[in-house]
Structure formats: C-alpha cells, structure tokens
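Peer 1: Generate a structure from the sequence data that follows.
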Amino acid sequence: MSAIRPLRIGNASGFYGDRFDAVREMLDGGPLDVLTGDYLAELTMLILGRDRLKDPGRGYARTFLRQLEECLGLAVERGVKIVANAGGLNPAGLADAVRELAERLGISVAVAHVEGDDLLATGRFPGALTANAYLGGAGITACLAAGADLVVTGRVTDAALVSGPAAWHFGWAPEDHDRLAGAVVAGHVLECGTQATGGNYAHFTAHDPGTFVRPGFPLAEIHEDGSAVITKHPGSGGLVDPGTVTAQLLYETGGARYAGPDVTVRLDTVRLAADGPDRVRVHGVRGEAPPPTLKVGLNRLGGFRNEVVFVLTGLDIDAKADLVRRQMGDALAAAKPAPADVRWELARTDRTDAGTEETASALLRLVVRDQRQEAVGRALSGAAVELALGSYPGFHVTAPPGKGSPYGVFEAAYVPRADVPHVAVLPDGERRPVPVPDGPTRPLAPVPAPDLPAPLPPGPTRRAPLGLVAGARSGDKGGDANIGVWASSDDGWRWLAHTLTVERLRELLPETAELTVTRHVLPHLRALNFTVEGILGEGVAAQARFDPQAKGLGEWLRSRHLDLPEALL
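Peer 2: Got it, this is the predicted structure:
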C-alpha cells in the first residue's frame, strides 16, 4: 500500500427512484471524501427523453435536487464532494438548477458539469429519441482538479463516478491501466447501491432475518495502487462479505474483458479477501488499453402496447385458456385495425385442492403491440370486455385494459472515440475539452479459456435445488441477459465448473434452449458468467417478457433440481 491517504468514496443511489434518505444517511454515517450517485439506466434515459419532449428544460433527475435541498449544506460543512450522473440528458440545466438552489440556501459551492455525450443533434442516428455515448471519468477528474465541490454529468459509465475522483485524488495518468482498472472494479461494486451490501442477495436466508431489512449503502476505501476495501458505515444494516461483493461483480457483466472508455478491466484477475467484519479487500486487478470505440446507448419509441390478464380458477385450466385464446383471437383478427403483434403467456400459479381462491387460480396474460395506438386500445378493450358474460366459467380479469401506452426499444451502437466531444465545464464557466488519450487502444477479443479445477471425486448425490450450493445474480443489457453463478467453497467450485455447462443451463432453463448462450469462466471468483442473447427482445422498455430485466432469471436457475454431491450438502 502507498503512503498516500486512501480515498473514501461512497454511493447514495443505484437508480432513479432509489432510497431518498440515502444521501443524508451516507453524510451522517461516517467520514467520506466523495459521495456518488448513479441515477441512470437504459430505461431511465428513455423516461428522461420523453420528459425532454414535453419540456426541453427538463431531462435530468429531479429527485437529486430535492435531496440536495436537504443535504447540500451538510456536504459542504463536512467537506464531502458530490459526483452524480443525475444530469441525464441535460447536465448543464441541472448544474444551473444546483447553483440557483445553493444561492437560495445561502451556500457557497463550486459547481461543474460534464457534457458531450449527447449525440442526438448530430443526425447520426435517425429515429432515435436519445443517443448518448458512454464517457469515461476524465471529465470528472478535470472538474475536481479545477476546484469543483459538486460535479454533475450526463451519460458517463456508472464506474466513472468512482474512477474519475480516484484519478484526481491520486494523480493517475491515462496509461495507469492497472490502477484505473482497480477503481473501475470498485465503481462497479458501488454503482448499484445496496446490491453490494446484501440487497437482492441469493444467500440472505443464511443470516439473521433482520440483517437485510434496511441495508446501508456501500463505500470503498481506494488506495493509490488501485486496490480497494469495500465496506459500509458502522451500524448501518446489511452485510459486506465476499459473497455480496462477488454477486455485484457478476451483475450485468460478461466475459473476462470488461470494456470501458478509460480502461478494459480483466475480470479474471480480480481477487477478493475478507478484511474484517463488513470489509472485503479487492486486489490484483489488471487493466488493458481501452477499445478504439465508445458505446452509444440509443432509445427510440417502438410503438404502443397494451395487455390484459385473465384469471382462470379451479378445474380445466388448459381448456379455459384455449377457449379465451380462440375468442380473443377471432375478435382481434376482425378488428380494424388489428394489432400487429399478439402474444399469450399462461402462468400456472394454481394449486390442486387449494385453500384459497387466489391459490386456485392461474393467470393468462395477453400482450398486443402495434405502431398505431388505436390498434392496441379499443380493439383490445372492446374484445375483452365483451367476453364478460360469454366465455369460460368464472371469467374475470385483473384490470380492464386501457388505451395502450408507448414502449421503447434500446439498441447499442459504437463510434470512434474521437467523434465524441468530451467536455468539462469548470466552476468558472470555462469549457475545457477533454483530450482523447494518445496512447494505444485495444480491440476486444475473447481470452483463452482458463484451466478448470480438478473435478470432485465420485460420491453419493441427492436430487435438490442448485441454490443449495450456489449463488446467482442476473440482469439485463439491452435485449440480452447475463446470469452470474458462483460457489462459496473450493469444492463447490470444482463441482460447479464441470457441471454447469451451456448444455446443462439450457436443460435447466428451457427458455434459453434456442438462444445463443456463452459461458465465461472466472476462477478467482469461483464463478461462471453466462450471456443469453436475445432473451429480452428489444430491451426492458419493450417489456417483451414476464421479467423484462431478467432480475429473477438467476433465482429461477437456483430453484431447478439436479443431482448434487452430498459432500457439498
């Protein structure tokens, strides 16, 4: 470890709508140098894009302003710098609003912002509602170096909220790839807030039930060499251990190379070690030169959608479902205009000889989509309502369908780094272009498959759920999903690495059987990361699937039964 003082950096938001009181909790809970907030996601950019259509002065996360109204004075008093991507599509507008707020409150604060990510006006992406490049942390670094107390950004990578301040604090250069990679890993762990402190954690039942009722938000103590300790404020709820950190490391990642605008992280080099109660040391991270292109997130309006859920109760569930499908199918086909896309899904939530009506019922979901709102509005509602007295016995729906609502489609594109005007707007108003590093870049390529551990010796097995011996966390990236699966012991890893192949995953999750599935092996984390292409259709905003963000995909996998070695049980 270097003699330079570690940077203590916390997180107070994992998404737009996260716990409002988290900013105050983090400022009150213990010492911090920097407090970050991640407010942006693929779906959020679509929401902000629609906001901007209604009012060009909007397009940023207004919750952030209300949090500052309560806590800006406290942050300034304690010398905590704030860095947040709440600027969304209008970071300049948010920066101005923060200055107005500070003046009204009588607080002296130096505000800066980062822009250049918004490529919509270039005309390069016709039909897009939003088009934003994922910038790195260098603009944040420049703002802090110019004396900013508060920096708001548009679409930077989530991890840049941490790597940017770390590069400023330690004076790292763009070619310090290993150090930057360590900070990016710490940023990825922090970016989703309480997911690093026990939120959404597969093994929550192994701990006291009260532990996870109100998990505290995470923080990282980052050292000059790029290593970090993930922890939380003393006395806050939740848990930080190698399992919670592993779960978040696997969230929304893919292979061994995790690309970003500043550095490509080698996830297969990340090592974790317990460092005391609620402390996990992250070390050994290696980095490589970043790719020659930047990712651009595109959102466009895909059309209109509507849905109705029919409740099927008691006996003859399949026959009831078949009857209403035929009735609705005939009615929709005759509608003028008829919806272009009609999808059915039967969820067999019913039980035999159930003790309550609800547990005796199954749900039949009908979703229609079309470019024309009238094709998914009156056509659906009229057809569904007219069946009220002429369909299956016990006919009712969870709610009557409405007029239909617009849905979005997310796509990713890539542009040369030099085509994106990364700009730091300093507290004094100076617009300082952030130069594209003149060092080498490295196109992404798969890494050679690592050696697997020796398999467990043969022994007795028991048919049981996978989740008894493995954790999992899943998430979305556009239309794709990833499922990270890890073992908690070396023996568990020896079994998992040889058992959970792509073929076995397809058997356990039949929805993936016809899709492209790629398995990535991360031995230091005792983990496998599966990428499932296309399972989410056109992305979360299109809502093509029951679980549109694949949040529960990993838990479905853990619930599936297979032959587990009794030695692990």
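
Peer 1: hey, let's count contacts and neighbours off CA atoms from now on
Peer 2: Noted.

Peer 1: What segments of the stretch 251-400 of the chain are helices?
Peer 2: 317-334, 373-376, 378-385 (DSSP state H, counting those that start in this stretch).

Peer 1: Which strands and helices lie in contact with the last one?
Peer 2: For helix 378-385, the helices and strands in contact under the criterion 3 or more C-alpha pairs under 8 Å, 6 or more residues apart in numbering; DSSP states H and E are helix 317-334.

Peer 1: Can you list the neighbours in contact with the helix it packs on?
Peer 2: 312, 338-339, 346, 362, 364, 379-380, 383-384, 391-393 (C-alpha atoms under 8 Å, 6 or more residues apart in numbering).

Peer 1: Same list, those, but as a markdown table with pLDDT and distance to Glu514 please.
Peer 2: Shown next, in a markdown table, are these (pLDDT from 0 to 100; distance: C-alpha to C-alpha, whole Å):
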| residue | pLDDT | distance to Glu514 |
| --- | --- | --- |
| Leu312 | 98 | 29 |
| Ala338 | 92 | 29 |
| Pro339 | 94 | 26 |
| Leu346 | 97 | 20 |
| Ala362 | 98 | 26 |
| Leu364 | 97 | 24 |
| Ala379 | 84 | 32 |
| Leu380 | 90 | 30 |
| Ala383 | 91 | 33 |
| Ala384 | 92 | 32 |
| Ser391 | 97 | 35 |
| Tyr392 | 98 | 34 |
| Pro393 | 98 | 36 |
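
Peer 1: now the residues you listed: which count as buried?
Peer 2: With burial judged by 16 or more other C-alpha atoms under 10 Å, the buried subset of those is 312, 338-339, 346, 362, 364, 379-380, 383-384, 392.

Peer 1: Ala527: which of the contacts of helix 317-334 is nearest?
Peer 2: Leu346 (33.4 Å; C-alpha to C-alpha).

Peer 1: Quick check: phi and psi at Arg473.
Peer 2: phi -150, psi 140 (degrees, to the nearest 10).

Peer 1: Tell me how many other residues crowd it.
Peer 2: Residues lying near Arg473 (other C-alpha atoms under 10 Å) number 28.

Peer 1: so it makes contact with Ala202?
Peer 2: Yes. With contact defined as C-alpha atoms under 8 Å, Arg473 reaches Ala202; the gap is 7.3 Å.

Peer 1: helices and strands of the chain: which one has the lowest mean pLDDT?
Peer 2: In the chain, no helix or strand scores lower on mean pLDDT, DSSP states H and E than helix 378-385, which sits at a mean of 89.

Peer 1: returning to what we had before: between the helices of the stretch 251-400 of the chain, which gets the lowest average pLDDT?
Peer 2: Mean pLDDT values for the helices of the stretch 251-400 of the chain show the minimum at helix 378-385, a mean of 89.

Peer 1: how far is that helix from where the chain is centred?
Peer 2: On the basis of C-alpha atoms, centre = their mean, to the nearest Å, helix 378-385 sits 36 Å off its chain's mean C-alpha point.

Peer 1: then that helix to CSV, C-alphas only?
Peer 2: Written as CSV, here are the backbone C-alpha positions of helix 378-385 (Å, rounded to 0.1, in the frame of the first residue of the first chain):
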residue,chain,number,x,y,z
ARG,A,378,-60.2,0.0,-28.4
ALA,A,379,-59.5,-3.3,-30.3
LEU,A,380,-58.3,-5.0,-27.1
SER,A,381,-60.5,-3.4,-24.5
GLY,A,382,-63.7,-4.0,-26.6
ALA,A,383,-62.9,-7.6,-27.3
ALA,A,384,-62.0,-8.4,-23.7
VAL,A,385,-65.0,-6.6,-22.1
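
Peer 1: tell me the angle of that helix relative to helix 317-334?
Peer 2: 140 degrees (axes from the mean of the first three to the mean of the last three C-alpha atoms, to 10 degrees).

Peer 1: low-scoring pLDDT stretches of the stretch 401-550 of the chain, where are they?
Peer 2: Residues of the stretch 401-550 of the chain meeting the criterion pLDDT under 70: none.

Peer 1: Show me where it has its helices.
Peer 2: 490-499, 502-508.

Peer 1: in the sheet, who's paired with the residue lying closest to Ile535 once chain neighbours are set aside?
Peer 2: Nearest non-adjacent residue to Ile535, counting by C-alpha to C-alpha, 6 or more residues apart in numbering: Asp480, 5.8 Å away. In this entry, Asp480 is beta-bridged to Lys477, by DSSP bridges.

Peer 1: Distance of Asp480 relative to Leu294?
Peer 2: 19 Å (C-alpha to C-alpha, to the nearest Å).

Peer 1: picking up where we left off before, of all the helices of the stretch 251-400 of the chain, which one is nearest Pro261?
Peer 2: helix 373-376 (39.4 Å).

Peer 1: Which strands or helices does the closest one pack on?
Peer 2: Checked by 3+ C-alpha pairs under 8 Å, 6+ apart, helix 373-376 has strand 293-313, strand 361-370 packed alongside it.
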